[in-house]
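**Q** no sequence for this one, just the structure:
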Ligand code: TRP
């Protein structure tokens, strides 16, 4: 699995739910496109998932294999990717502790991504956020550093987290010497997809998502319930595709027919019901092969667990070696194994 000369790429997901179309267009598709040119570490970030699911550990553990299946079903290949279960890599936790001296509280509080997320999680955190959640960018820096990641595919909203990782790594180098590459952002094609309810983001917990694992029937039901142009009530009313959520999905699933969809809608020749039916058929056709691969994996949980642990052990060869260098640089006792 260690293919020399290919840049080391690290990315991952928090296993708090099955992955959906937001993940698919936002990151999974570009992961697949990038896999052959990189040496990939795909992290299942169960420890990070606990930062906002500490009260629901079962929700995290139940989703570890679900997320692995989603990644495999979209086309990531074992021969190109090392899948890593974060909680089985103590070196990440160790490095997180070391890194936490190198960032101030106010720097953490200023991170725009984290600020936004804290606001979204008002119900969970109320007036005061946990130390663990505020600090998750530190552990994310440790994820990258432990595996010597050189590139990280990111969408714009994640850039501040990566910038913080780069800062931490530079600070570490200033005090303790060079140990890590400084990871570069890879601005891959990250397309944002709205929720079916018209909300800006499709969310695992928002109930506005189509999951990769959903059946064709559920997909159709969800699409039929999607929000459209509120001014278009009857089939013959001229619609406004620019305000219609369903139209944004047509752009993703049938870009070749988009002009026609637009024209028929604005001219009152396309009713929302048939427009949604057409869309759900397109989505279902697109997802069909992926769903077949995914449901075949449902029968293979023991094998998938073995694969994940095996890959994680392989990855730990790197994280152990990194931590030896870290300890050396920090003048801590270097353990000989
Ligand atoms: N923060 C990512 C998410 O919300 C998961 C993640 C953890 C990650 N560590 C990472 C992504 C390192 C990229 C690189 O899903």
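**A** Alright, I've got the coordinates. It should be emphasised that the depicted structure is a prediction, and the values quoted were computed from it without experimental measurement.
**Q** and for the helix or strand containing residue 63, what are the contacting residues?
**A** If you go by DSSP states H and E, residue 63 is part of helix 57-73. Identification of contacts with helix 57-73 by Cβ atoms under 8 Å, 6 or more residues apart in numbering yields 13, 15-19, 23, 28, 31, 42, 44, 46, 49-50, 53, 78, 81, 83, 85, 212-213, 290-291, 293-294, 297-298, 301, 304-305, 307-308. C-beta here means a position set from N, CA and C on the backbone, and glycine is covered the same way.
**Q** Quick one: buried ones out of those residues?
**A** Among these, those classed as buried by 16 or more other Cβ atoms under 10 Å are 13, 15-19, 23, 28, 31, 42, 44, 46, 49-50, 53, 81, 83, 85, 212-213, 290-291, 294, 297, 304, 308.
**Q** Of those, which belong to helices?
**A** If you go by DSSP state H, those have 23, 31, 46, 49, 50, 53, 290, 291, 294, 297, 304, 308 in helices.
**Q** Give me the spatial nearest neighbour of residue 124, chain neighbours excluded.
**A** Nearest residue to residue 124, sequence neighbours excluded (Cβ to Cβ, 6 or more residues apart in numbering): residue 52, at 6.2 Å.
**Q** wait, residue 8 sits on residue 144?
**A** No - using Cβ atoms under 8 Å as the test, residue 8 is too far from residue 144 to be in contact (9.5 Å).
**Q** Tell me where the stretch 1-150 of the chain has strands.
**A** 8-13, 39-44, 81-85 (DSSP state E, counting those that start in this stretch).
**Q** Each with direction, which strands does the second one pair with?
**A** Here strand 39-44 has these sheet partners by DSSP bridges: strand 8-13 (parallel), strand 81-85 (parallel).
**Q** Those: which one's closest to residue 251?
**A** strand 8-13 (24.7 Å; Cβ to Cβ).
**Q** what angle do the closest one and helix 46-53 make?
**A** Counting by axes from the mean of the first three to the mean of the last three Cα atoms, to 10 degrees, strand 8-13 lies at 30 degrees to helix 46-53.
**Q** tell me, which of the contacts of helix 57-73 make contact with the ligand?
**A** residue 13 (Cβ under 6 Å from any ligand atom).
**Q** Return the residues of the stretch 1-150 of the chain in contact with the ligand.
**A** 10, 11, 12, 13, 14, 43, 45, 48, 140, 143, 144.
**Q** can you check the stretch 151-300 of the chain too?
**A** So the stretch 151-300 of the chain meets the ligand at residue 152 (Cβ under 6 Å from any ligand atom).
**Q** Can you tell me which residue of the stretch 151-300 of the chain sits closest to the ligand?
**A** Closest residue of the stretch 151-300 of the chain to the ligand, Cβ to the nearest ligand atom: residue 152 (5.3 Å).
**Q** Please report phi then psi for the closest residue to that residue other than its chain neighbours.
**A** Distances taken as Cβ to Cβ, 6+ apart place residue 183 nearest to residue 152, at 5.1 Å, with adjacent residues excluded. Per-residue torsions, residue 183: phi -70, psi 140 (degrees, to the nearest 10).
**Q** residues contacting residue 183?
**A** Applying Cβ under 8 Å, 6+ apart, we find residue 183 in contact with 10, 144, 149, 150, 151, 152, 162, 165, 166, 169.
**Q** how about a cut-off of 6 Å?
**A** 144, 149, 152 (Cβ atoms under 6 Å, 6 or more residues apart in numbering).
**Q** Quick check: pLDDT value at it.
**A** pLDDT, residue 183: 98.
**Q** Now rank the residues of the stretch 1-150 of the chain next to the ligand by neighbours and give me the top one.
**A** The most crowded member of these, judged by other Cβ atoms under 10 Å, is residue 144 (29 neighbours).
**Q** before we move on, what SS does the residue of the stretch 151-300 of the chain closest to the ligand have?
**A** What DSSP: H, G, I helix; E, B strand; the rest coil gives for residue 152 is strand.
**Q** What about it, how many residues nearby?
**A** Neighbour count of residue 152, defined by other Cβ under 10 Å: 23.
**Q** contacts for stretch 207-222?
**A** By Cβ under 6 Å, 6+ apart, the surrounding residues in contact with stretch 207-222 are 18-21, 70, 195-197, 199, 202, 280, 283-284, 294.
**Q** that older thread, so can I have CSV of the strands paired with strand 39-44 showing mean pLDDT?
**A** Shown next, in CSV, are those (pLDDT from 0 to 100):
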stretch, mean pLDDT
strand 8-13, 97
strand 81-85, 98
